[in-house]
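K.L.:
Quick check, what structure comes out for this input:
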Amino acid sequence: MTAPCRFGLAVLLTLARFPFPVSRVLTAQDTTKGKAVYVKWCAGCHGDGGAGDGPAASHMLPRPRDFTGAIYKIRTTASGQLPTDQDVLRSIDEGLPGTAMPAWKDRLSERERRDVLAYLKTFSAFFQDTSQHIVPLTFSKEPGGARSAAALQVGRQFYDSIGCWKCHGKAGRGDGPSAPTLKTDPGEPIFAADLHENWRFRGGAGTADIYRRLRTGLDGTPMPSFSDLIDQKFLTDEQLWRVAQYVRSLSPERAPEVRDVIHAPRILGGLPRSPDDSAWARVEAYWFPLVGQVIRKPRWFAPGVAGVWVQAVHTRDSLALRLEWDDRSESPDTAWLAFEGRVLDHLASDDSVATRADLWPDQIAVQFPRSIPAGMERPYFLMGTPTDPVYQWRWTSTPRQAAAGLARGVGRFEVLGAGSAPGAEARFADGQWGLVLTRALATADTANELQFEAGRAIPVAFFAWDGSNGEHDTRMAVSAWYFLALDQPTPPRVYLSPVVAMAVTLGLGMLVATRARRRAGAGGAGGAGGRRRA
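P.N.:
Model prediction:
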């Protein structure tokens with residue numbers, strides 16, 4: 001496996017978050033041993049000289065940290081100041097979700113992590129400047145009432161007034177009017193954070209973490225510090241806390257758990273065919289992460305769609321699948337064409353044909369085997385093979401339509417005949433797509449189209465293309481295989497049987513007890529008579 005592929009696969013693993021570590025005094029550090037750790041584990045991305053130019057760096061967005069400039073995003077110090085040792089150690093320990101930087105605390109010993117921290121600081125003369133006084137900011141405690149309507153209303157008010165919406169969007173999905181223009185200090189394109197996915201926040205997922213980022217800013221990026229607005233009395237410290245609380249409220253209470261099986265309950269009446277049908281509020285949603293396609297050339301290490309929410313219901317004869325995913329633009333979108341060009345310019349391509357920005361549509365695909373397997377065997381997850389194709393539903397934003405067909409590998413999709421396409425209804429609003437796909441459980445084409453059955457584990461996988469991120473063909477986001485289960489209605493006997501069993505058991509118990517009392521009574525009377533005769 002090549003170095004870019006190895007490091008690309010590392011991107012797939014950076015999904016978890018961990019609590020903020022307890023502050024402690026760091027003991028002596030050995031830069032010589034730290035260098036050995038760095039060369040083995042870090043240089044592939046960050047480069048031998050720490051300039052963020054390792055062999056894998058050209059395949060990454062955002063790029064690995066350039067240690068020579070000593071500009072760190074995740075700090076507890078004021079904007080423009082050096083980070084503390086604990087700040088850097090936290091990034092080493094916990095990693096940076098949404099990037100190729102994994103957590104190292106379970107892979108390297110504490111001593112190795114402290115030694116490599118010391119070695120990182122040798123790349124910049126700023127750390128050797130004795131006039132620098134690295135002092136963390138003093139952060140206040142979170143005010144109460146975080147979830148109250150009044151607190152969230154204040155938070156939303158100041159979210160708007162201090163201009164957060166300009167980058168992050170009115171609904172917070174990173175689709176503000178300034179989003180297509182954003183770039184880092186070195187000129188690399190950068191996405192505004194999707195505030196509905198706090199498990200991907202690089203500085204921590206909690207309200208206190210968000211408040212700290214608002215106070216410190218993210219140096220080297222367009223995200224500023226808002227501490228000066230407190231100093232200027234434009235807003236109070238408590239009001240900034242309310243902004244943090246509002247931002248935290250946009251994400252689920254807990255990071256979504258990736259589960260293997262989508263349960264589709266059976267419902268009475270007709271299927272909900274609109275993504276905004278109120279019936280979906282009563283159906284459980286499942287989240288599935290998507291990662292860059294790094295197997296087939298040209299590979300793609302910077303997908304725009306991080307995951308998809310899936311719901312499913314069925315009736316006696318039909319299935320409805322609801323997909324929802326965050327996307328910063330309704331592609332094709334000319335406003336994002338320049339951003340797409342910068343993305344393609346900053347990512348090395350292993351395609352023999354030069355890549356250019358173009359107006360690509362958004363797309364999503366739902367993949368099944370052609371028939372339900374008897375065991376755990378499944379076709380090749382990356383769109384099957386020429387000899388073992390997979391059955392797919394594909395939807396595109398321009399024109400808005402769905403198709404059904406057979407995929408015989410990446411780039412080989414054969415649309416099935418007329419009438420085979422699933423029903424499709426989509427909407428785009430506030431940086432999010434919603435799509436419902438519907439189809440009869442059974443069809444006439446049993447050779448090519450999957451025949452859905454209740455009570456069976458049906459393999460399913462997902463693919464997504466963000467057109468405004470330059471994604472098409474092999475440049476896409478992919479999932480692993482999961483399962484769809486069409487739940488069967490519970491027969492009435494399941495509820496009646498325990499009641500009947502309890503009644504029978506109770507009746508038998510009473511009968512046995514009655515007979516036992518009668519025997520005891522008869523025995524006692526006989527004994528007394530015998531004694532009288534004696």
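K.L.:
my guess is Thr122 is in a strand, correct?
P.N.:
No: applying DSSP: H, G, I helix; E, B strand; the rest coil, one finds Thr122 to be helix, outside a strand.
K.L.:
count of residues packed around the closest residue to it other than its chain neighbours?
P.N.:
Spatially, and ignoring its direct neighbours in sequence, Thr122 is nearest to Thr31 (5.9 Å; CB to CB, 6 or more residues apart in numbering). For the C-beta atoms, the positions are set from N, CA and C on the backbone; glycine is no exception. For Thr31, the count of nearby residues is 15 (other CB atoms under 10 Å).
K.L.:
Spit out the contact partners of Thr31.
P.N.:
For Thr31, the contact set (CB atoms under 8 Å, 6 or more residues apart in numbering) comprises 115, 118-119, 122.
K.L.:
Out of these, which comes closest to Asp473?
P.N.:
Nearest to Asp473, judged by CB to CB, of the contacts of Thr31 is Tyr119 at 41.6 Å.
K.L.:
As a check, name the ranges of all helices in the stretch 201-350 of the chain.
P.N.:
207-216, 227-231, 237-249, 337-346 (DSSP state H, counting those that start in this stretch).
K.L.:
tell me what the longest one is packed against?
P.N.:
Helices and strands in packing contact with helix 237-249 are listed as helix 149-161, helix 207-216, helix 227-231; criterion 3 or more CB pairs under 8 Å, 6 or more residues apart in numbering; DSSP states H and E.
K.L.:
To Asp276, which of those helices lies closest?
P.N.:
helix 149-161 (22.3 Å).
K.L.:
If you count neighbours, what's buried in the closest one?
P.N.:
For helix 149-161, a neighbour-count test (16 or more other CB atoms under 10 Å) marks 151-152, 154-156, 158-159 as buried.
K.L.:
how about stretch 445-463: buried residues?
P.N.:
448-450, 452, 454, 457-463.
K.L.:
For Leu250, state which of the residues you listed is nearest.
P.N.:
Phe462 (23.3 Å).
K.L.:
helix/strand/coil for the closest one?
P.N.:
Relying on three-state DSSP, one would call Phe462 strand.
K.L.:
right, and it touches Ser479 too?
P.N.:
Yes: using CB atoms under 8 Å, Phe462 is in contact with Ser479, at 4.5 Å.
K.L.:
shared neighbours, the two?
P.N.:
288, 290, 308.
K.L.:
Inside strands: which ones of those residues?
P.N.:
Among the shared contacts of Phe462 and Ser479, the residues falling in strands (DSSP state E) are 288, 308.
K.L.:
For ChimeraX, what selects the buried ones among the shared contacts of Phe462 and Ser479?
P.N.:
In ChimeraX, this line selects whichever of the shared contacts of Phe462 and Ser479 come out buried by 16+ other CB under 10 Å:
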select :288,290,308
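K.L.:
What number of residues are in the vicinity of Pro62?
P.N.:
22.
K.L.:
whoops, Ser227 was the one
P.N.:
For Ser227, the neighbour count with other CB under 10 Å is 17.
K.L.:
sorry, back to before: CSV for the helices and strands packed on helix 237-249, including distance to Gly417?
P.N.:
Supplementary listing: these in CSV, determined by distance: least, CB to CB, whole Å:
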stretch, distance to Gly417
helix 149-161, 51
helix 207-216, 52
helix 227-231, 62
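K.L.:
okay if I get the ones you listed as TSV plus distance to Lys183 and mean pLDDT?
P.N.:
Converted to TSV, those look like this (distance: least, CB to CB, whole Å; pLDDT from 0 to 100):
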stretch	distance to Lys183	mean pLDDT
helix 149-161	23	97
helix 207-216	19	98
helix 227-231	22	96
